[in-house]
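Participant: Here is my input, please return the structure:
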Amino acid sequence: MPPSPRTWELRFDWTYTALQWGALALGVFLSAVSRGSDASVVLAGLVAGAYTVVAQVLPRHIRRITWVGEILAISGVVAGLSAEALTGGGDASSFFLTAPVFYAAAFHGFRMGIGIAALAAVGLIGLRAIGGDALTDPALLQAAALYFLVAVAFSQARRLLIEEHDRVAHLRAASLQEAAHIERLAAAHNLLSALAALADESELNPISVGDATLRNLAGLLPFDAGQVVIPGDGDPVTVAQRGEEPPGAEAAYFPIAIGAKEVGLVVLSRTAPFTPDEHALVEDALGPVALAFDNILLLHEIARRAVREERLRLARELHDEFGPALASLGLSLDVAAM
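Facilitator: Prediction:
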């Protein structure tokens, strides 16, 4: 499928169409007024009209090809000079030559525009010189200057419009990227708020955090089944599960990590593969989850250490205090019995 033309290209195309048909109609009218409806006027009109029809029939995406543009622009100069030669010249035929110059400059840039302007100016000056006109004729010099002016003006306009189009496209891409980043931040904020609510309710444990994680992810992107897994004493432990995995589903694994330290894993499954944007969305949303799981695991480790230390303390007290006291009591009972 050919690329869609940009807005400024459509406007230039409309201007090119109006310029061609206007110059053709003006040239035929003025030539008919000055020379009558003789064969040369009719033939000149047919030559210029054939070129205009061919130029307008070609699709826009074909006319934007460089080598097609060169052929079309040179053909336009040849058609204009042919009409000039057949009718004996005049302002109308010289005005018709601005159409290929405009086309070359507006659609193919400065280099082609200047080249076609030079070709049109040299051809027009040569024909007028052959016809006996002076090379210093002001009308002739004005026509040549007009071609170069059209080439410079519209090639620069084309350059500025392309730069503006690229700048707008860059800003639009940056805006979309920023919107995606804000969406990921909002997802992380929502999950962090949910975890804060769980902490206020004294329900901050692996199961509640896992449930909140899957519930929040279900609001961010579609999936059929999800699991939250954390390391256990032996095998990994599934602390939360949501949905049923359909046949043929593809699983995506998202580590719950703080830096290089992994504290869990989220497994999401669905029939369609996850896109890179969805991967980034899930990874950003799992930032608060990693902090929550890391804190929970740290608290559990602290609790286990406290239990071990309390057991050791009780064992030492039993050994150092209750043990000798019981031994002394036993000895006293033995002495009393004797």
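Participant: Thr213 contacts Val289, correct?
Facilitator: Yes: shown here, Thr213 and Val289 form a contact pair, counting by CB atoms under 8 Å, at 5.0 Å. To be clear about C-beta, it is placed using only N, CA and C from the backbone, and glycine gets the same treatment.
Participant: Find the residue ranges of this protein scoring beneath the pLDDT cut-off.
Facilitator: Applying pLDDT under 70 to the chain flags residues 1-6, 8, 32-38, 88-93, 131, 133-136, 180-204, 232-234, 259, 290-338.
Participant: Going by residue numbers, what spans are strands in the stretch 101-250 of the chain?
Facilitator: Per DSSP state E, counting those that start in this stretch, the stretch 101-250 of the chain carries strands over the ranges 225-230, 237-243, 250-258.
Participant: any chance of the ones you listed in TSV, plus mean neighbour count and distance to Thr98?
Facilitator: Output for these, formatted as TSV (neighbours: other CB atoms under 10 Å; distance: least, CB to CB, whole Å):
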stretch	mean neighbour count	distance to Thr98
strand 225-230	21	67
strand 237-243	17	69
strand 250-258	16	61
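Participant: is it possible to export these to JSON lines including distance to Leu58?
Facilitator: Shown next, in JSON lines, are the strands of the stretch 101-250 of the chain (distance: least, CB to CB, whole Å):
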{"stretch": "strand 225-230", "distance to Leu58": "56"}
{"stretch": "strand 237-243", "distance to Leu58": "56"}
{"stretch": "strand 250-258", "distance to Leu58": "48"}
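Participant: can you tell which of these is closest to Arg167?
Facilitator: strand 250-258 (36.6 Å; CB to CB).
Participant: Taking strand 225-230 as reference, get the angle to that closest one.
Facilitator: 30 degrees (axes from the mean of the first three to the mean of the last three CA atoms, to 10 degrees).
Participant: Strand 250-258: partners in the sheet, and parallel or antiparallel?
Facilitator: If you go by DSSP bridges, strand 250-258 pairs up with strand 261-270 (antiparallel).
Participant: just checking, next helix/strand downstream of the partner strand?
Facilitator: helix 276-285 (DSSP states H and E).
Participant: just checking, what packs against that following helix?
Facilitator: Identification of packing neighbours for helix 276-285 by 3 or more CB pairs under 8 Å, 6 or more residues apart in numbering; DSSP states H and E yields helix 138-200, helix 206-220, strand 250-258.
Participant: roughly how far apart are Trp21 and Val263?
Facilitator: 73 Å (CB to CB, to the nearest Å).
Participant: Determine which of the strands of the stretch 101-250 of the chain approaches Thr271 most closely.
Facilitator: strand 250-258 (7.1 Å).
Participant: who touches the closest one?
Facilitator: Residues outside strand 250-258 that contact it (CB atoms under 8 Å, 6 or more residues apart in numbering): 228, 230, 245, 262-274, 279, 282-283, 286, 289-291, 293-294.
Participant: what's next to the helix or strand where Val42 lies, contact-wise?
Facilitator: Here Val42, judged by DSSP H and E, is contained in helix 39-57. Helix 39-57 has contacts (CB under 8 Å, 6+ apart) with 17, 20-21, 23-24, 27-28, 31-32, 35, 63, 72, 75-76, 79-80, 82-83, 86-88, 93, 96, 99, 103.
Participant: Which ones among those lie within helices?
Facilitator: Using DSSP state H, the subset of the contacts of helix 39-57 located in helices is 17, 20-21, 23-24, 27-28, 31-32, 35, 63, 72, 75-76, 79-80, 82-83, 86-87, 93, 96, 99, 103.
Participant: PyMOL command to pick out the buried ones of these?
Facilitator: Buried members of the ones in helices among the contacts of helix 39-57, defined by 16 or more other CB atoms under 10 Å, are picked up in PyMOL with:
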select buried, resi 20+23+24+27+28+31+63+72+76+79+80+82+83+86+87+93+96+99+103
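Participant: Just say which of the helices and strands packed on helix 276-285 is most tucked in.
Facilitator: helix 206-220 (a mean of 20; mean count of other CB atoms under 10 Å).
Participant: how big is the angle separating that one from strand 261-270?
Facilitator: Using the same axes, to 10 degrees: helix 206-220 against strand 261-270 is 50 degrees.
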